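J.: my questions are about this predicted structure, shown below with the sequence.
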Amino acid sequence: MKRLSITAMLMCVVLLSSCGQGQNLQQGESSDTQSGSLQTSEQARFSFEGTVFHYGNHDYDVSTRNQSINSILSAVPVGQKIVIKCHVGPKNGVYCIFDTESESFDEDIIGNNLIWHSDDIATSVYSFWSEVHTYDGGIVKTYDLAEDAFIYDLKFSDDCTKLDVTIVHDDGTDETDTITLLNE
């Protein structure tokens, strides 16, 4: 009986120590820690700190790509690319797209709310001021927004054929516009 209670105590310790260890990741979110190090074995090849992105044995200071970048917020793998979300200010950000095959950067994206589906960066859309753009910079839709309004969020429908655009106003009200996406 004493052996059973010791085993039960050990199981409780193991269970309690594992509480809070799992993270619920959603599309476009990273599992970065405060220092920017990513923890999974696939992601162990890269990390970041401040404005420096580390990949393999190389370091890349993303502030040399855009002088407005003052920190890296996250780094998320998307297929053969890594999306490095950088902070520049309150209105827009910069997404540096790193190609893991060539170990070089693609063109940067200036905007907010970058999302994608099917682990394919080419499916991504993002907002820039009053516009919604595709990955290659094409305009999906332009909104006639009041000065106090901004595009707050983008979200694909379950089958990725539509895009919900949430617009927020300074008075706290919001509206959602649904856009039907073209199949390419």
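T.: Cool, got the structure.

J.: spatially nearest residue to Phe150, not counting backbone neighbours?
T.: Val168 (6.2 Å; CB to CB, 6 or more residues apart in numbering). Heads up, the C-betas are built off the backbone N, CA and C, glycines and all.

J.: mind checking which helix or strand Asp159 is in?
T.: Using DSSP states H and E, Asp159 is not contained in any helix or strand.

J.: I'd guessed Asp144 sits against Trp129; true?
T.: No. Using CB atoms under 8 Å, Asp144 makes no contact with Trp129, being 11.7 Å away.

J.: okay, the two: which has more neighbours?
T.: More neighbours surround Trp129 than the other of Asp144 and Trp129, with 14 against 6 (other CB atoms under 10 Å).

J.: quick check: Cys160 vs Asp99, distance?
T.: Here the criterion is CB to CB, to the nearest Å. By it, Cys160 lies 23 Å from Asp99.

J.: and Gly50, by the same measure?
T.: Distance of Gly50 to Asp99, computed by CB to CB: 22 Å.

J.: tell me the pLDDT of the nearest residue to Asn66 once chain neighbours are set aside.
T.: In this structure, Asn66 finds its nearest non-sequential neighbour in Val94, 5.1 Å apart by CB to CB, 6+ apart. Per-residue pLDDT puts Val94 at 98.

J.: wait, isn't Val94 in contact with Val88?
T.: Yes. If you go by CB under 8 Å, Val94 and Val88 touch, sitting 5.5 Å apart.

J.: between those two, tell me which one has more neighbours.
T.: Shown here are Val94 and Val88; by other CB under 10 Å, Val94 has more neighbours (21 against 16).

J.: mind listing the helices for the chain?
T.: Taking DSSP state H, the helices of the chain run over residues 2-18.
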